[in-house]
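[1] Have a look at this fold, sequence not included:
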C-alpha cells in the first residue's frame, strides 16, 4: 500500500524540484543579463554591475529556493 502512495507522490516531487531549478536559473540569468547591459552602457574598467547583479541574483535565487522548500 505504501509503495502506491510513494509512486503517486513521486512525479509531483520531480515537477516541484525542477520548477525550483528553472526559477533559480531564470533569476540568475536575469541578474547576469541586467549587469552586462549596465556594464555595456556605463563602460567601467571592472565589470562592477555584472559582478554585483550576479551575486545579488544568486542570493535572491537561494532565498526563493529556501522559501519553496520550507513551504508545504
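    The structure has been received and is ready for your questions. No experiment lies behind these values; they were computed from the predicted model shown. Numbering: from 1, shown residues only.

[2] distance between stretch 49-66 and the chain's centre?
    Put simply, stretch 49-66 sits 8 Å off its chain's centre (C-alpha atoms, centre = their mean, to the nearest Å).

[3] no, scratch that, I was asking about stretch 18-25
    For stretch 18-25, the distance to the chain centre is 6 Å (C-alpha atoms, centre = their mean).

[4] got the buried residues for that stretch?
    20, 24 (16 or more other C-beta atoms under 10 Å). Bear in mind the C-beta positions are built from the backbone N, C-alpha and C, glycine included.

[5] Same question for stretch 43-52.
    When burial is assessed from 16+ other C-beta under 10 Å, stretch 43-52 yields the following buried residues: 49, 50.

[6] so what does the worst-scoring helix or strand of the chain on mean pLDDT touch, helix or strand wise?
    Counting by mean pLDDT, DSSP states H and E, the chain has its least confident helix or strand at helix 2-42, which shows a mean of 87. Other helices and strands packing on helix 2-42, by 3 or more C-beta pairs under 8 Å, 6 or more residues apart in numbering; DSSP states H and E, are helix 48-70.

[7] now for the helix it packs on, which elements pack on it?
    Contact partners of helix 48-70 among helices and strands, from 3+ C-beta pairs under 8 Å, 6+ apart: helix 2-42.

[8] how close does the residue positioned nearest the centre of the chain sit to residue 51?
    Residue closest to the mean C-alpha point of the chain, counted by C-alpha atoms, centre = their mean, is residue 24 at 1.1 Å. As for residue 24, its distance to residue 51 is 19 Å (criterion: C-beta to C-beta, to the nearest Å).

[9] I am finished for the moment; much appreciated.
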